[in-house]
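Colleague: heads up, no residue letters with this:
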């Protein structure tokens, strides 16, 4: 059974940076397309960044140029480097495996991790 464990969130001022990590266990991680989703209060969960098994990436327009997704297959971990953070980036961030390379792709795993809270505020 897959386990997703997110970490690295926190409170940061606008313009600041954070690096999120997601450790994945229970599957052949290196073959998985992985993504970072986020859910802000009162909003639906959205996919903001994904990385394929071949390291191709795709980003939502709202984070393009500020966020970078990467992976370390030796550690079964996917990362999200977030720079130039804005208050609208405030959300709980989750990782999962998108079923396609589109940013509208659904998550493969029905069981989500606990997420990690990112709060951008002065």
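Modeller: The structure has been received and is ready for your questions. Quick caveat, the model's predicted, so the values are computed rather than measured.

Colleague: could you say what helices and strands the lengthiest strand in the chain packs with?
Modeller: Taking DSSP state E as the criterion, the chain has its longest strand at strand 18-25. Strand 18-25 is packed against strand 3-7, strand 34-39, strand 77-82, strand 91-96, strand 116-120, with contacts defined by 3 or more CB pairs under 8 Å, 6 or more residues apart in numbering; DSSP states H and E. C-betas here are computed from N, CA, C, even on glycine.

Colleague: Include mean pLDDT when you put those into CSV, please.
Modeller: Listed next are the helices and strands packed on strand 18-25 as CSV, based on pLDDT from 0 to 100:
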stretch, mean pLDDT
strand 3-7, 97
strand 34-39, 98
strand 77-82, 98
strand 91-96, 98
strand 116-120, 98
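
Colleague: right, and the ones you listed - which one's nearest residue 66?
Modeller: strand 77-82 (6.8 Å; CB to CB).

Colleague: Now tabulate the helices and strands packed on strand 18-25 in CSV and tack on mean neighbour count.
Modeller: Converted to CSV, those look like this (neighbours: other CB atoms under 10 Å):
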stretch, mean neighbour count
strand 3-7, 17
strand 34-39, 23
strand 77-82, 22
strand 91-96, 24
strand 116-120, 18
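
Colleague: Quick one: residues contacting the residue nearest the centre of the chain.
Modeller: Against the mean C-alpha coordinate of the chain, by CA atoms, centre = their mean, the closest residue is residue 36 at 2.0 Å. Contacts for residue 36 (CB atoms under 8 Å, 6 or more residues apart in numbering) come out as 20, 22, 47-50, 67, 69, 78, 80, 93-95.

Colleague: For it, list each beta-bridge partner.
Modeller: Legend: beta-bridge partners of residue 36 under DSSP bridges are residue 49, residue 95.
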